[in-house]
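Enquirer: pasted the sequence and its predicted model underneath.
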Amino acid sequence: MTLEDVARSAGVSLATASRVLGGTARVREDLRERVLAAADRLSYIPNAHARALAGSSSQVVGVICHDVSDPYFAGIAGGVMRAAAAHGLLVMLASTFRDPAQEVAYLSMLRAQRARAILLIGSGFEDRAWERAMNAELEPYLRSGGRVAVVSRHRALKVDAVLPENRAGGAALARAMLDLGHRDFAVLSGPRTLTTVADRLAGFREALAEAGVELPDDRIVEESFTRDGGYAAATELIRRGVRATCLFAVTDVMAVGALAALRDHGLRVPQDVSLAGFDDIPIVRDLTPPLTTVALPLAEMGERVMALALRETRGSRARIERVGGEVILRPSTAPPRRP
C-alpha cells in the first residue's frame, strides 16, 4: 500500500494524507479521522526513509570528490566520516574523476534526495560554464535550508570553505629547493584549469622569479592528476632531453609515478635529479627514497569542512578557514651535483 492508495481510499488529496500521517500540520478533525481509518483499513505502514527526505530531515551528508582512490581525497574523506559519525550522520561518497559535468550531476542528485549537507572535496575548475551550472544547483538548495561547504578554492561558489594554502606552499617548496642550491627546475603539472594546480604552480614560479630563476613553459609538462600522469610527464621530460636538477610534481600521486619513470630510465633520485611533491600522503614516507613534500593535515581538513557545514550560527557571508602547509625535507631531494 502507498500513500496515494490511502489518499484515494479516504477521498482526500495526497497532501492532506501526507500531513495527517506525517503529523506536520493541523488538519480538520473529520479529514484526519478519514485518513487514519483508511490507513488502518489498508494496513498502511509509512516509509520512514521517504518521510525523512520529504521533511528535509535526512541524516545523509553527500561528499563529492574527484577520485576517492587518490590518497589525498581518501585522507580528507576519512576526517569527514569521523566527524559525521560523531553527529550520527551517514556519508554518501561520490567520485567525479575530475569531470565537471559529473560534479554538477551528482550535486543535482543529492539535492533531489534532500541531503542534510553537501561537501565538495577538491579543486574547483576555471570554467565559467561549470560555475554557472553549479550555482544553478546550489542556490535553490541553500534557500531551502541545505548546507554546503568546500575544500580548496572555488572562486564563484559563495559558500563556506577550507582553503589549503596551495600558493604559499608552492612558494615555500621552491625556496627550500633554492636553499639546497638548485637553479634548474622542471614541473610535472596537472591540468591548469584546476584551481589547485594553478595555485601551486603560481606560487612555485613566483618564488623562483623572486630569486632570479626562470621556469620556461617548455619545462612544465601537463598531464592527468594521477600516478600514471606523473609517469607520463616525467617520461616526456626525458624524451625532450630536459636535464633539470630538481623536478616538482604538483601532487604526491604524480610524484610516485615520476619516481617510477625516472628509475625505469636509469636516473637515480636524488643523485641524478631531486624530486619533490605536495600533500604528504602516507605512502610517500615509505618510498625509496622517501619523498620531500609539502604536508597538509588532510584528516583535519575533513573534520573542519564537516564542522563548517554543521555550524549553527550562519551569517550572510561565507566563512573561510585557511590551512597552511609545511615543507618536509626527505632524502628524495639533495644539493645538485657539481659538474
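Expert: Received, thanks.

Enquirer: does residue 138 touch residue 159 like I think?
Expert: Yes - the pair residue 138 / residue 159 is scored as a contact, 7.0 Å apart, by C-beta atoms under 8 Å. Bear in mind the C-beta positions are built from the backbone N, C-alpha and C, glycine included.

Enquirer: find residues that contact each of these two.
Expert: Common neighbours of residue 138 and residue 159 (criterion: C-beta atoms under 8 Å, 6 or more residues apart in numbering): residue 148.

Enquirer: grab the CA positions of stretch 7-18 and hand them over as PDB.
Expert: What follows is stretch 7-18, C-alpha atoms only, in PDB (Å, rounded to 0.1, in the frame of the first residue of the first chain):
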ATOM      1  CA  ALA A   7      -5.500   9.300   0.000                       C
ATOM      2  CA  ARG A   8      -7.700   7.700  -2.700                       C
ATOM      3  CA  SER A   9      -9.500   5.500  -0.200                       C
ATOM      4  CA  ALA A  10     -10.100   8.400   2.200                       C
ATOM      5  CA  GLY A  11     -11.300  10.700  -0.500                       C
ATOM      6  CA  VAL A  12      -8.700  13.400   0.200                       C
ATOM      7  CA  SER A  13      -5.700  15.000  -1.500                       C
ATOM      8  CA  LEU A  14      -2.300  13.400  -1.300                       C
ATOM      9  CA  ALA A  15      -1.100  16.500   0.500                       C
ATOM     10  CA  THR A  16      -3.800  16.100   3.200                       C
ATOM     11  CA  ALA A  17      -3.000  12.400   3.700                       C
ATOM     12  CA  SER A  18       0.700  13.300   4.000                       C
END
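
Enquirer: which parts of it are buried?
Expert: When burial is assessed from 16 or more other C-beta atoms under 10 Å, stretch 7-18 yields the following buried residues: 7, 9-10, 12, 16-18.

Enquirer: what mean pLDDT does the helix or strand residue 64 falls within have?
Expert: Using DSSP states H and E, residue 64 sits in strand 60-65. Taken as a whole, strand 60-65 carries a mean pLDDT of 94.

Enquirer: how far does it sit from the chain's center?
Expert: Here the centre of strand 60-65 is set off from its chain's centre by 10 Å, with C-alpha atoms, centre = their mean, to the nearest Å.

Enquirer: sheet partners, orientation included, of it?
Expert: Neighbouring strands of strand 60-65 in its sheet, by DSSP bridges, are strand 90-95 (parallel), strand 117-121 (parallel).

Enquirer: can you tell me which of the ones you listed is most buried?
Expert: Per residue and on average, the most neighbours among the strands paired with strand 60-65 fall to strand 117-121, with a mean of 26 (mean count of other C-beta atoms under 10 Å).

Enquirer: about what we covered before: what's the very next helix or strand once past the strand holding residue 64 packed up against?
Expert: Downstream of strand 60-65, the next assigned helix or strand under DSSP H and E is helix 71-86. Counting by 3 or more C-beta pairs under 8 Å, 6 or more residues apart in numbering; DSSP states H and E, the packing neighbours recorded for helix 71-86 are strand 60-65, strand 90-95, strand 117-121, helix 252-264, helix 298-310.

Enquirer: of those, which is nearest residue 129?
Expert: strand 117-121 (16.9 Å; C-beta to C-beta).

Enquirer: ranges for the helices of the stretch 151-300 of the chain?
Expert: Secondary structure of the stretch 151-300 of the chain by DSSP state H, counting those that start in this stretch: the helices cover 166-179, 195-210, 227-240, 252-264, 298-310.

Enquirer: out of these, deepest packed?
Expert: helix 252-264 (a mean of 23).

Enquirer: now what about that one, what contacts it?
Expert: Here helix 252-264 has contacts from 70-72, 188, 190, 223, 225-235, 238, 247, 249, 268-269, 272-273, 275-281, 283-284, 287, 291, 293, 332, using C-beta under 8 Å, 6+ apart.
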